[in-house]
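[1] curious how this folds, go ahead:
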Amino acid sequence: MTAGKYIRIVAALTAAAILVWFGGLVWFVSTLPRTVTDTASRTDGIVVLTGGSERIEAGLSLLNAGRSKTLLLSGVHRGTSRQALAKLSQQSPEVFKCCVELGREATDTVGNAHETAAWAKRNSMTSLRLVTSVYHLPRSLVEFRRAMKNIRLIAHPVYSASVKLDGWWRWPGTAMLLAGEFNKYVVSLVRARLDARAVRAKKG
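    Numbering: from 1, shown residues only. Here you go, the predicted structure:
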């Protein structure tokens, strides 16, 4: 094979890979929910994945509306107090004392899932409402289902004015955010498939 032919093959394969990746990204963004489809169902618990004030506000609104009696904030910085969170969210400190548990162990989405699984097990929960940003929701659901196979999950997306889902390709910040999240989502899917395959091999 000549050097020129080798270069053309590599270029063609690279172009094909980019097209496949971009098609996957377009599919990923198109499947993100544009609205919250279930706001009424009650669950044994609410879990909020930290990463934005909108997420905490949404979780506390659900708690105050009686959608659950307890809420876990997963991934809270070790130096953040209940008082600081109450002030930030403009909530009564009593709400944080009676009904909100702070999870401080998780540092990423996989950690969020394991931290929540332990919390759900301690409290004999069978259903959870998962509150996180809409772009983070697909990956979170993959990881939570890996960690909690017998827990019913209700997805509760949170929307930010800074993330433009419609016409996202025209907004460089949004496009980079979604592209990065899509890459992480693919990694989570691959890991989940490998885990499932390993489980089937053990059973076989």
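[2] what does the helix or strand bottoming out on mean pLDDT in the chain rub up against?
    For the chain, counting by mean pLDDT, DSSP states H and E, helix 82-89 ranks last in confidence among helices and strands (a mean of 83). Residues from elsewhere that reach helix 82-89, judged by CB atoms under 8 Å, 6 or more residues apart in numbering: 53, 56-57, 60, 73, 76, 91-93, 95-97, 100, 102. Placement of C-beta: from N, CA and C, glycine included.
[3] so which of these are in helices?
    53, 56-57, 60, 93, 95-97 (DSSP state H).
[4] flag the least confident of those residues.
    For those, the least confidently modelled position is S53, at 78, judged by pLDDT.
[5] what's the closest non-adjacent residue to that residue?
    By the measure of CB to CB, 6 or more residues apart in numbering, the closest residue to S53 outside its immediate chain neighbours is L88, 6.8 Å from it.
[6] and the one you found, how far is that from T35?
    Taken as CB to CB, to the nearest Å, the spacing of L88 relative to T35 amounts to 26 Å.
[7] the more surrounded of these two?
    In this comparison of L88 against T35, neighbours counted by other CB atoms under 10 Å, the higher total goes to L88 at 12 against 8.
[8] helices and strands around the longest helix seen in the chain, which ones?
    For the chain, the longest helix by residue count, based on DSSP H, is helix 172-203. In terms of contact count using 3 or more CB pairs under 8 Å, 6 or more residues apart in numbering; DSSP states H and E, helix 172-203 is assigned the packing partners helix 3-31, helix 137-147.
[9] wait, which of these is closest to T116?
    Evaluated with CB to CB, these place helix 137-147 nearest to T116, the distance being 6.8 Å.
[10] what residues of the closest one count as buried?
    Residues of helix 137-147 classed as buried by neighbour count (16 or more other CB atoms under 10 Å): 137-144, 146-147.
[11] for that helix, what is the average pLDDT?
    96.
[12] now for it, which elements pack on it?
    Based on contacts counted as 3+ CB pairs under 8 Å, 6+ apart, the elements that helix 137-147 packs against are helix 109-122, strand 127-133, strand 152-158, helix 172-203.
[13] which of those sits most buried?
    Comparing these by mean neighbour count (mean count of other CB atoms under 10 Å), strand 127-133 comes out on top with a mean of 24.
[14] S92: neighbour count?
    Other residues near S92 number 11, with proximity taken as other CB under 10 Å.
[15] the nearest residue to it once chain neighbours are set aside: neighbouring residues, count only.
    The shortest distance from S92 to any non-neighbouring residue, by CB to CB, 6+ apart, is to A86 (6.8 Å). Applying other CB under 10 Å, we find 18 other residues in the vicinity of A86.
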